[in-house]
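**Student:** The following block contains a protein sequence and its predicted model.
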Amino acid sequence: MLAAHELGMATSGEYVFINIDVSTGSHAEKPWIRANETNQEENEKAKEAYRALKTISLRRSDLEEYKNFEKRVKIRAEEKYDYSRITGKEYEMNNFISAFYDAVLLYAIALNETIAAGMDPRNGHNITSKMWGRTFDGITGNVSIDANGDRYSDYSLLDLDPAVDKFVEVAYYSGASNELKKVTDFHWIGGKPPRDSPICGYDNSKCPKGYPLHVYLLAASAGLILLLTLLFVFFWRRYKLEQELAAMSWKIRWEELDGEESQKKEKKKAKKKRSGAYFPESDPLLRSNSRGSVSSDKYDEDMVAPMAMRMRLVRFAVYQSICVCMRSGLHACKPHTSMFFTFGVSGNL
C-alpha cells in the first residue's frame, strides 16, 4: 500500500484495493500501525493509503462470550508461553482459534449423542452422521454445517472509517442464508465509487500531455476576437472625434457675440488716446490686475505706450454672459487635427 501511495494510486480515487485476509485477528481495526515503527510519518502515510483498501475477512462475533474467550486465550498465551517476550509483539488471536474451538465443541456434541444412542463411538460414520446437516450454538454464535460436512461461513467487508480512524464492518455475507447484508455506508476516496477503468488508463496512455488542441484553438480565437474588438473601438472613437471636430461645433458665430457695449467703449478709448487723455486705471480690467499701481498718482510714460499698443490689438465682447477677449491672428496657420482638438476642448469649457 505504501508503494501504491507513492504512485498516487491510493489517493487519486480511481483505484480500490481488495484484500482477502481470512486470518485477520483482533488488531484488524488498525492494521497500518506497526508497533516497532519509529518513523511516525510512515504510519500516517500508511493510514492514508489504507483508505483505498477494502478487506474481506471471516466475520468476528460481537458476542460478549466470544470477547471473554478471546481475553482468556490472550492471558494463557502470555502466562504459559510468554508470547510477547519471545516474539517482541503483542498477542493477537486470529479467527482460526475460535473455529477450532467450535470444531472441537461439535465433535463433543456428536460424540455424546452417539454414545447416548448406543452406537459405537469408534465408528467414524456414526460420529460424522451426527455432525453433518445440523446447527448448534458455538463460541461465535450459530454454527451451521451442510449435508457435505462443510461449514457455512460468514464473511465481513471491512472499510476504513475516517471519522474514527479504524476499520469497521460495512457489509457482511451470511453463509447460512446466502445473503449479502449492508451494515453502514462505504467510504470512498472522492466521495463515490471509482470507474471501471481509470480515465487516463492504467498507464496514462489515454491522456495526452499538455492541453488538448481545441483548448489552444479556443484561446487563440478568444485573443483574436479581443484584439479585433479593441481595434474597432479605437478606430470608431477616432472617427467620431474627427467627425465632431470637422463639424466645428466649437466655432462661435459673430451673431452670438454682444459687441455693442464693447464697441462703444472701444470708440471712447480711441478718442481718449487721440486726445492724449487715456489712463490705464480707468479700464476696469486693467485696474483689477494693477492694484499695486493705483496708489500712485503718476505713471511711467514708458509703460503706457507699450500697453496702449497691446490694447489696440484686443477687442472685447460678451458671449453667453461672459466677457471674452478677441484678438486678430498675426500669422496665417494651417488647421490640423490637434488644433481642432484644442479648440474643441476650449469650446467645451
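**Tutor:** All right, it came through fine. Numbering: from 1, shown residues only.
**Student:** Tell me how many other residues crowd residue 87.
**Tutor:** Look at residue 87: counted by other Cβ atoms under 10 Å, it has 11 neighbours. Every C-beta, even on glycine, is put in place using the N, C-alpha and C of the backbone.
**Student:** Over to residue 137?
**Tutor:** The burial count for residue 137: 13, using other Cβ under 10 Å.
**Student:** any idea which element residue 219 lies in?
**Tutor:** Assigned by DSSP states H and E, residue 219 belongs to helix 213-246.
**Student:** Mind giving me the packing neighbours of that helix?
**Tutor:** If you count contacts as 3 or more Cβ pairs under 8 Å, 6 or more residues apart in numbering; DSSP states H and E, helix 213-246 packs onto helix 337-348.
**Student:** same question for stretch 213-223, mean pLDDT?
**Tutor:** What stretch 213-223 shows for mean pLDDT is 88.
**Student:** Show me what counts as buried in it.
**Tutor:** For stretch 213-223, burial by neighbour count (16 or more other Cβ atoms under 10 Å) applies to no residue.
**Student:** gap between residue 143 and residue 66?
**Tutor:** Distance, residue 143 to residue 66, by Cβ to Cβ, to the nearest Å: 12 Å.
**Student:** Those two: who's more crowded?
**Tutor:** Legend: neighbour count by other Cβ under 10 Å for residue 143 and residue 66, higher for residue 143 (21 against 17).
**Student:** Just to be sure, that one is in a strand?
**Tutor:** Yes: assessed by DSSP: H, G, I helix; E, B strand; the rest coil, residue 143 belongs to a strand.
**Student:** What is the burial count for residue 98?
**Tutor:** With other Cβ under 10 Å as criterion, residue 98 counts 20.
**Student:** That one contacts residue 153, doesn't it?
**Tutor:** No: between residue 98 and residue 153 there is no contact under Cβ atoms under 8 Å: 11.9 Å.
**Student:** what touches both of these two?
**Tutor:** Counting by Cβ atoms under 8 Å, 6 or more residues apart in numbering, residue 98 and residue 153 have no common neighbour.
**Student:** check contacts around residue 115.
**Tutor:** Contacts of residue 115 (Cβ under 8 Å, 6+ apart): residue 121.
**Student:** Pull out the buried residues from the helix or strand harbouring it.
**Tutor:** Element membership of residue 115 [criterion: DSSP H and E] is helix 95-116. Using 16+ other Cβ under 10 Å as the test for burial, helix 95-116 gives 95, 98-99, 101-103, 106, 109-110, 113-114.
**Student:** and the next helix-or-strand element following it, what other elements does it pack with?
**Tutor:** Per DSSP H and E, the first helix or strand lying C-terminal to helix 95-116 is helix 124-131. With contacts taken as 3+ Cβ pairs under 8 Å, 6+ apart, helix 124-131 sits against helix 95-116.
**Student:** Now do the helix it packs on, average pLDDT.
**Tutor:** Summarised as a single mean, pLDDT over helix 95-116 is 93.
**Student:** For it, C-alpha coordinates in CSV please.
**Tutor:** Only the C-alpha atoms of helix 95-116 are listed here, as CSV (Å, rounded to 0.1, in the frame of the first residue of the first chain):
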residue,chain,number,x,y,z
ASN,A,95,-10.3,-16.5,13.6
PHE,A,96,-8.9,-20.0,13.2
ILE,A,97,-8.6,-20.4,17.0
SER,A,98,-12.3,-19.8,17.5
ALA,A,99,-13.1,-22.0,14.5
PHE,A,100,-11.0,-24.8,16.0
TYR,A,101,-12.8,-24.3,19.3
ASP,A,102,-16.2,-24.7,17.6
ALA,A,103,-14.9,-27.8,15.7
VAL,A,104,-13.9,-29.5,19.0
LEU,A,105,-17.3,-28.5,20.5
LEU,A,106,-19.1,-30.0,17.6
TYR,A,107,-17.2,-33.2,17.9
ALA,A,108,-18.0,-33.4,21.6
ILE,A,109,-21.7,-32.9,20.9
ALA,A,110,-21.7,-35.6,18.2
LEU,A,111,-19.8,-38.0,20.5
ASN,A,112,-22.2,-37.6,23.4
GLU,A,113,-25.2,-38.1,21.0
THR,A,114,-23.6,-41.2,19.5
ILE,A,115,-23.0,-42.7,23.0
ALA,A,116,-26.5,-41.8,24.1
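**Student:** what distance separates the start and the end of stretch 205-219?
**Tutor:** 25 Å (Cα to Cα, to the nearest Å).
**Student:** Give me the secondary structure label for the residue nearest the centre of the chain.
**Tutor:** In the chain, the C-alpha nearest the mean C-alpha coordinate belongs to residue 190, at 14.2 Å (Cα atoms, centre = their mean). Of the three states, residue 190 takes coil according to three-state DSSP.
**Student:** Done for today, thanks.
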